[in-house]
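[1] predicted model and sequence follow; I will ask about them next.
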Amino acid sequence: TWTMAGFRDLEIARIRDQVGSGRVICGLSGGVDSSVAAKLIHDAIGDQLTCIFVDPGIMRANEAEEVVKTFRGRFNIRLVHRDASDLFLGALAGVTDPEIKRKTIGRLFVEVFEEEAAKLGGAQFLAQGTLYPDVIESVSFTGGPSVTIKSHHNVGGLPERMNMQLVEPLRELFKDEVRALGRELGIPENIVGRHPFPGPGLAIRIPGAVDREKLDLLRKVDAIYLEEIRNAGLYDAIWQAFAVLLPVRTVGVMGDGRTYDQACALRAVTSTDGMTAEVYPFDFGFLNRVAGRIVNEVRGINRVTYDITSKPPGTIEWE
Ligand code: XMP
């Protein structure tokens, strides 16, 4: 009979067989897929694996620290941590078009990754947390829809250019199976059960130009929202929940004074694959509590709205 432990052992044997005494590098993003791939490969070949974590400066509060703490500190995996926030935010300065944001970020991820890989002296193998739906999707792209709604970036073309062979131990698995495998491998629940997070990160949750100040504001709002969702025991019932910083200032009243600050939107959806999505029906008391905390605790935000658009016609992200 098929078990996850059996699958793990089989994949470990396959990885050892493919890699031999070669060296593997793996781009770590902090998400479920690359985390599970990295841990599995490390279980198979130990220090023949080096992970490269490029911090683009557009992740949520504490995320970068958590990645380093878990993979280097707890799992003892060789990890290069490159803080590339100046580079990314410099390139994003003044960019307002969502597709240009995506392309800029995608290009920089590849450039910085290549730079760090070269510093390591290269490797014969590149590991990726490609899942079965990714395999299907990239196949269907060739004969599929001719309209690209959003260009999802990945490291396409990189292995060929760098003359590396791919190691893709998850390519037969669906997301829920990857999570089960991650638990089998002892990866903590806060990583294995994590909501999907887009590569372009918070940059596509700030309509208009992105800067450090706006990112810091959004991080505070997002952290409060997610904390309340976790405390209410709702995190696992939701596909994705996040805040959006709106490019609009509105008038408010605080104590005896008038405020003229920014507005934010909260979003939460249920979905099985991200292709379609339904709004999560929070009870009003919950939303009221979150809005109260945000306006009271985050200086610079004086208005909170809840996005009640399904997908379609809306997309999950605002950009
Ligand atoms: P949309 O906004 O298209 O999102 O309804 C569907 C799912 O994809 C994620 N998403 C992205 N992921 N790069 C990514 O890696 C991207 O450019 C990107 N855009 C959207 C989104 O978070 C949701 O899970």
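    Structure's in. What do you need? Computed from a predicted model, the values in this text were never measured in an experiment. Numbers count the residues shown, from 1 in each chain.
[2] poorly predicted segments of the stretch 1-150 of the chain, please.
    137-150 (pLDDT under 70).
[3] give me the buried positions along the strand or helix carrying E227.
    Using DSSP states H and E, E227 falls within helix 212-231. Neighbour counts over helix 212-231 (16 or more other Cβ atoms under 10 Å) mark 214-215, 217-226, 228-229 as buried. Placement of C-beta: from N, CA and C, glycine included.
[4] now distance to L89 and pLDDT too, for the residues you listed, in JSON lines please.
    Below are those laid out as JSON lines (distance: Cβ to Cβ, whole Å; pLDDT from 0 to 100):
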{"residue": "K214", "distance to L89": "10", "pLDDT": "98"}
{"residue": "L215", "distance to L89": "8", "pLDDT": "98"}
{"residue": "L217", "distance to L89": "14", "pLDDT": "98"}
{"residue": "L218", "distance to L89": "13", "pLDDT": "98"}
{"residue": "R219", "distance to L89": "14", "pLDDT": "98"}
{"residue": "K220", "distance to L89": "18", "pLDDT": "98"}
{"residue": "V221", "distance to L89": "19", "pLDDT": "98"}
{"residue": "D222", "distance to L89": "18", "pLDDT": "98"}
{"residue": "A223", "distance to L89": "20", "pLDDT": "98"}
{"residue": "I224", "distance to L89": "23", "pLDDT": "98"}
{"residue": "Y225", "distance to L89": "23", "pLDDT": "98"}
{"residue": "L226", "distance to L89": "23", "pLDDT": "98"}
{"residue": "E228", "distance to L89": "28", "pLDDT": "98"}
{"residue": "I229", "distance to L89": "28", "pLDDT": "98"}
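[5] any chance of those residues in JSON lines, plus distance to the ligand?
    Converted to JSON lines, those look like this (distance: Cβ to the nearest ligand atom, whole Å):
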{"residue": "K214", "distance to the ligand": "19"}
{"residue": "L215", "distance to the ligand": "17"}
{"residue": "L217", "distance to the ligand": "20"}
{"residue": "L218", "distance to the ligand": "15"}
{"residue": "R219", "distance to the ligand": "17"}
{"residue": "K220", "distance to the ligand": "20"}
{"residue": "V221", "distance to the ligand": "17"}
{"residue": "D222", "distance to the ligand": "13"}
{"residue": "A223", "distance to the ligand": "18"}
{"residue": "I224", "distance to the ligand": "20"}
{"residue": "Y225", "distance to the ligand": "15"}
{"residue": "L226", "distance to the ligand": "14"}
{"residue": "E228", "distance to the ligand": "20"}
{"residue": "I229", "distance to the ligand": "16"}
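[6] now the element after the helix holding E227, going C-ward?
    Next along from helix 212-231, by DSSP H and E: strand 240-254.
[7] now the angle from that following strand to helix 212-231?
    110 degrees (axes from the mean of the first three to the mean of the last three Cα atoms, to 10 degrees).
[8] having no further points to raise, I will conclude here.
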